[in-house]
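Engineer: turn this into a structure:
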Amino acid sequence: MRGVLQVKLFKKISLVAVTSVMLVSSALVGAVSAAPSQLSGKITVNGSTALLPLTLQAAKEFQKLNPKVKVAASGKGSVTGPQAVKKGIADIGACDWDASMDVPGFKAFSGQVANKVAVIPFATVVNNNVKVTDLSTDQLKGIYSGKITNWKDVGGDNADIVVITRAFGSGTRVNYQSKALSGGDITKKEKNYKEVGSSGDMKTAVATTPNSIGYIDLVYVTSDLKAVKFNGVAASTDNVINGSYKIWAYGYYMTKGQPTGATKAFIEYVQSSKFQQSSLKKLKFIPIAAMK
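Structural biologist: The predicted structure follows:
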């Protein structure tokens, strides 16, 4: 009888010991998981204003996960991104084209690496007083070349068209000219013509200028201006994905060589499924993986 009691007691002690070890192990794992990131430093991002809302949101989330890292982001147009990287004043150059390759109007930036981070849908936008809801490639080419100057010539009211465009160096302009205008010219005019320096400026100009037309990425399209169809197809993320809407581009983070340290970690966060499938989509960008 005494032997049986000893065996039972030994089993209870062993069970308590195993449970204690498991609890301590779990606590240690939890402590490791909760440990703050050891990344530190400052990341400077310059360039595309089309990508700026995405960059600012990613920076906010990344800094929360990595409190010792500071991300400073600003936008003055795509070409300024790789230019800043070349000069050494930015770690990342946000650009609406792959600046490691030649594109119309711009030579490649030698030694830079293009890190693909998003798909950017662009839209033709008009002031809310414009009644036209659909424009073809030929009609847009006519408007931006100066051959079509009145809305009545494309199905609208008898009113002069006010053309608003981005300044040279804009990635939005590069892509819009290539895809919406099929490589057609944007002709500067003495009247009813304005150039703006950023996506935000474009939004404000079109929203506040009666009879105006411009172009912008979808994240900036709100109720104070309207996007028109392109060749009968609405500007939407779904239509980009299904291949029916053609005015879009990949967005890139350009770096001097392969990124390292905190810069690499930030780019990988933007490319991660967590960010791509959540915040990026809410901003009307399209995940890279969605494109075939």
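Engineer: which SS state does the closest residue to Val71 other than its chain neighbours fall under?
Structural biologist: Leaving aside its sequence neighbours, Val71 sits nearest to Ala59 (Cβ to Cβ, 6 or more residues apart in numbering; 3.7 Å). C-betas here are computed from N, CA, C, even on glycine. Secondary structure for Ala59, judged by DSSP: H, G, I helix; E, B strand; the rest coil, is helix.
Engineer: isn't Ala59 right next to Val69, touching?
Structural biologist: No. Contact between Ala59 and Val69 fails when scored by Cβ atoms under 8 Å: they sit 9.2 Å apart.
Engineer: now the common contact residues for the two.
Structural biologist: Ile43, Phe266 (Cβ atoms under 8 Å, 6 or more residues apart in numbering).
Engineer: give me the buried positions along the helix or strand hosting Asn239.
Structural biologist: Following DSSP states H and E, one finds Asn239 within helix 237-241. Across helix 237-241, burial judged by 16 or more other Cβ atoms under 10 Å covers Thr237, Asn239, Val240, Ile241.
Engineer: equivalent analysis for stretch 75-89, please.
Structural biologist: Residues Gly75, Lys76, Gly77, Ser78, Val79, Thr80, Gly81, Pro82, Gln83, Ala84, Val85, Lys86 are the ones in stretch 75-89 that count as buried (16+ other Cβ under 10 Å).
Engineer: again with stretch 191-200
Structural biologist: Neighbour-count burial for stretch 191-200 flags Tyr193, Lys194, Glu195, Val196, Ser198, Ser199 (criterion: 16+ other Cβ under 10 Å).
Engineer: also stretch 202-214?
Structural biologist: Applying 16+ other Cβ under 10 Å to stretch 202-214 flags Met202, Lys203, Thr204, Ala205, Val206, Ala207, Thr209, Asn211, Ser212, Ile213, Gly214 as buried.
Engineer: and stretch 95-110, by the same measure?
Structural biologist: Cys95, Asp96, Trp97, Asp98, Ala99, Ser100, Val103, Phe106, Phe109.
Engineer: what's in contact with it?
Structural biologist: Here stretch 95-110 makes contact (Cβ under 8 Å, 6+ apart) with 47-48, 50-51, 78-79, 81-83, 85-86, 93, 112-114, 120, 168, 170-172, 174-175, 177-178, 183, 249-254.
Engineer: start and end of it, how far apart?
Structural biologist: 15 Å (Cα to Cα, to the nearest Å).
Engineer: that one: how far from the chain's middle?
Structural biologist: Centroid separation between stretch 95-110 and its chain, computed with Cα atoms, centre = their mean, to the nearest Å, is 17 Å.
Engineer: stretch 149-169 now?
Structural biologist: Per Cα atoms, centre = their mean, the centroid offset for stretch 149-169 relative to its chain is 27 Å.
Engineer: what does that stretch rub up against?
Structural biologist: 77-80, 105, 130-132, 135, 139, 142-144, 146, 148, 172-173, 176, 186, 189, 192-197, 202, 205-206, 209-215.
Engineer: which of the contacts of stretch 95-110 fall in helices?
Structural biologist: Using DSSP state H, the members of these that fall within helices are Gly81, Pro82, Gln83, Val85, Lys86, Gly171, Thr172, Val174, Asn175, Gln177, Ser178.
Engineer: can you tell me the closest non-neighbouring residue to the fourth one?
Structural biologist: Closest residue to Val85 apart from its sequence neighbours, by Cβ to Cβ, 6+ apart: Gly93 at 4.1 Å.
Engineer: measure the one you found to Ala207 for me?
Structural biologist: The gap separating Gly93 from Ala207 is 29 Å, by Cβ to Cβ, to the nearest Å.
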